Each structure stands twice: as C-alpha cells, then as structure tokens.
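[1] here is my input; please provide its structure:
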Amino acid sequence: MIGYVCIFFAILCWSITFVNTRSLLLDFSALEIMFIRFALAWAALCGWAFLKDRGSIRWMGRCEVLFAAMGFSGVVAYQFLENCAIYYTNASNVAILVSIGPIVTALFARLFLKDKALSLNVIIGSLLAICGAAIVSLNGVFELAVHPLGDLMALGGMLCWGVYSILIVRANKCGLSVMAITRKSFGWAIMMMLPVMVCGATESGFYALDGSFSVCTDFELNVERFSRPLNCVNLCFLGLCASALAFVFWAKACAVLGVVK
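    Next up is the predicted model:
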C-alpha cells in the first residue's frame, strides 16, 4: 500500500506540472523553469540531509557515477527532450510515444536486472494503456501526422526515463536512503545544466517566447518576474512537490513495488 500511495502521489504531481509550466512560460523560458525547479528541489533535500541524514553527505566512490547517470537520464536528458519535443511535434504524438514507456522499462528490466515481470499480461495491459492514451490525446480527431525530429525527441525522452528507472534499482544497493539518492542525482544534474545556462544567456528585453532555452540577465526584469506571487507558487510547487517529493516517492515506489509495476 505504501508503494501504491507513493506512486499515485508522484503521478498526480507530475500531471499538474503541465498547468504550472504553461503559466510560467509566459515569463520564463523552459530552460529557466527546469533549472530553478531542480535547484529548489536539491536545496530542499540538502536541508533535510543537514537536519536528519548527515551521514549521507559524503563521497560514495563508484556509486557517484551511478548518481551522475541518474541525473543525466532522468533530469537533464528527459526534461530537455520532452520540452523540445513539444516545439517540434504535436502534443498528441508526445503523449502516445511516452505511453510506450512501461513496455520499454519492462524490457530494460528483463535485459539488465533479470526481472521476469515482462509477461504477456504486462504487454497486453501496456498496449491497452497506449490505445487509451491515443484515444484521449486524439480527442476524436484522427490525424496521422509524423514529425520526425519532435517524435524522435519524445521517443528519446521516454527511453531516458526507462534508463533512469533501471538506475534507481541499482542505486538502491548503494546503502543510502531514497532521499539521499535523489539529492545526489539532482546535484549532478544541476552541474550538467550550468554550462547550458551560461550558453543560453541573453541581453535585456527577454521574453520566454523569444526562445525556450534562453536565460534572462536583466536584473529589473528578474525582480519583476520573481515578485509575482503566482510565479513563486508555481515554482515552489514544481521544485518542492513535483521534483523533491515526487522523485523521492517514485524511487520509494520502485524499491517497494519493483520498477515494472
């Protein structure tokens, strides 16, 4: 029951993020939202570590490579590809391609974890889920439109999430709590995003619609954007609930239920 509650909470938070992100895109670029979101999550998890789990604040040797791979696959690559995909293809294509994830994750688990949960029932259930996602996404209008670049990005993002879920299982064997594992993966992800933030810097007069991977350097404009209560609420939700808590709960669910479920 703990595992199912955790996974329900994570999925609920992630479904709401589309609303928060859509609102923030009026004032922030996709890159800024991604960086601020996970920086807030990392800071919150660091605060928890200093208060309750100081023993986890140490170098973990070879496990750090695993945490870095989690940060790249589950945060940097996945978020980057999903955000880009929306600009190069339609939302229905992205939703349908992402729904293939359970089959791919089960296949990865079979190949790399020797997990035998990839049964006929899992395949049939996943195919039914894909059909359901297609029906909802197409909304009664069947339009077969292939956008190679955007579709490949969405497919790549889904593959990255499958890799991230497999890496969680490996990371759980490092002897750290799921909160410590998530914190370390976020820390590596932030370091990987910093060069992109520098390359995406722009001059004043920035608006989010000018580019999804730009960064505002105008002080007055930044004060105005961050002083708006709705922006602060949305950023806090994305950082604290949809990133810090949801990723921790996802990792906990994978540990309790298994990655395929």
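[2] now L230: closest residue in space, sequence neighbours ignored.
    Nearest non-adjacent residue to L230, counting by C-beta to C-beta, 6 or more residues apart in numbering: S23, 6.6 Å away. Where C-beta positions appear, they are placed from N, C-alpha and C, glycine not excepted.
[3] check contacts around the one you found.
    230-231, 234 (C-beta atoms under 8 Å, 6 or more residues apart in numbering).
[4] so what does the helix or strand N121 falls within touch, helix or strand wise?
    Under the criterion of DSSP states H and E, N121 resides in helix 120-138. Helices and strands touching helix 120-138, by 3 or more C-beta pairs under 8 Å, 6 or more residues apart in numbering; DSSP states H and E, are helix 91-98, helix 101-112.
[5] show me which positions of it end up buried.
    Neighbour counts over helix 120-138 (16 or more other C-beta atoms under 10 Å) mark 126, 130, 133, 137-138 as buried.
[6] among the residues you listed, which two are most distant?
    S126 and L138 (18.4 Å; C-beta to C-beta).
[7] ok, back up a step: closest to E220 among the buried residues of helix 120-138?
    For the buried residues of helix 120-138, the minimum distance to E220 (C-beta to C-beta) is 40.8 Å, reached by S137.
[8] and the angle for the helix holding N121 with helix 101-112?
    150 degrees (axes from the mean of the first three to the mean of the last three C-alpha atoms, to 10 degrees).
[9] before we move on, the earlier item: now the buried residues of helix 120-138 as CSV including pLDDT and distance to I2?
    Putting the buried residues of helix 120-138 into CSV (pLDDT from 0 to 100; distance: C-beta to C-beta, whole Å) gives the following:
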residue, pLDDT, distance to I2
S126, 83, 24
I130, 82, 28
A133, 78, 27
S137, 72, 31
L138, 72, 36
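[10] residues in contact with stretch 48-60: which ones?
    The contact list for stretch 48-60, computed with C-beta under 8 Å, 6+ apart, reads 67, 174, 176-177, 179-180, 183-184.
[11] likewise stretch 133-140?
    In contact with stretch 133-140 (C-beta under 8 Å, 6+ apart) are residues 91-92, 95-96, 98-99.
[12] buried subset of those as a ChimeraX selection?
    Buried members of the contacts of stretch 133-140, defined by 16+ other C-beta under 10 Å, are picked up in ChimeraX with:
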select :92,95,96,98,99
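[13] the helix or strand bottoming out on mean pLDDT in the chain packs against which elements?
    In the chain, no helix or strand scores lower on mean pLDDT, DSSP states H and E than helix 91-98, which sits at a mean of 74. In terms of contacts (3+ C-beta pairs under 8 Å, 6+ apart), helix 91-98 is packed against helix 78-88, helix 120-138, helix 148-171.
[14] now that helix, how far from the centre of its chain.
    Helix 91-98 has its C-alpha centroid displaced from the chain centroid by 16 Å (C-alpha atoms, centre = their mean, to the nearest Å).
[15] what angle do that helix and helix 120-138 make?
    170 degrees.
[16] ok, and what's touching helix 91-98?
    Against helix 91-98 from outside (C-beta under 8 Å, 6+ apart): 82, 85-86, 130, 133-134, 136-139, 145-147, 150-151, 154-155, 157-158.
[17] between it and helix 78-88, how big is the angle?
    Between the axes of helix 91-98 and helix 78-88, defined by the same axes, to 10 degrees, the angle is 140 degrees.
[18] quick check: buried residues in stretch 9-23?
    Going by neighbour count (16+ other C-beta under 10 Å), the buried part of stretch 9-23 is 9-10, 13, 17, 20-21.
[19] can you check stretch 159-177 too?
    Across stretch 159-177, burial judged by 16+ other C-beta under 10 Å covers 159-169, 171-172, 174, 176-177.
[20] now stretch 108-119
    Buried residues in stretch 108-119, counted by 16+ other C-beta under 10 Å: 108-109, 115, 118.
[21] pLDDT for those - can I get that in a markdown table?
    Conversion of those to a markdown table gives the following (pLDDT from 0 to 100):
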| residue | pLDDT |
| --- | --- |
| F108 | 83 |
| A109 | 82 |
| D115 | 72 |
| L118 | 72 |
